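Trainee: Got a sequence here, can you model it:
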Amino acid sequence: MPEKKIPEVDYKHCMACRVCIIACPFSCLDAVKTDNPGKKGFPELVKAESCTGCGICAQACPVEVIRMVS
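Mentor: Below you'll find the model as predicted:
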């Protein structure tokens, strides 16, 4: 059986557009608050136990900054 993978976000290049959060069919991602009130929160895996490693979040990312890692 293959090892389960989870999303890893490159926050340096993430636009915080939240497309990955919306795309996740299991609501595993949520926005993390930032210190900058004018900026949206970045995505973070908040329900690792519910993540199936499907990669839909990575596929949905318009700037391709999410990769699935073991």
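Trainee: in this protein, which spans are helices?
Mentor: Secondary structure of the chain (DSSP state H): helices at 19-23, 56-60.
Trainee: got the buried residues for the last one?
Mentor: Read that as helix 56-60. The neighbour-count criterion (16 or more other C-beta atoms under 10 Å) identifies Ile56, Cys57, Ala58 as the buried residues of helix 56-60. Every C-beta, even on glycine, is put in place using the N, C-alpha and C of the backbone.
Trainee: what sits against the residue sitting nearest the centre point of the chain?
Mentor: The structure's the chain has its C-alpha centroid closest to Pro43; by C-alpha atoms, centre = their mean the separation is 4.8 Å. When the contact criterion is C-beta atoms under 8 Å, 6 or more residues apart in numbering, the partners of Pro43 are 7, 9, 14, 16, 18, 20-21, 29-32, 57, 66.
Trainee: The residue nearest to it when sequence neighbours are not counted bridge partners, please.
Mentor: By the measure of C-beta to C-beta, 6 or more residues apart in numbering, the closest residue to Pro43 outside its immediate chain neighbours is Leu29, 4.7 Å from it. On the basis of DSSP bridges, Leu29 is bridged to Leu45.
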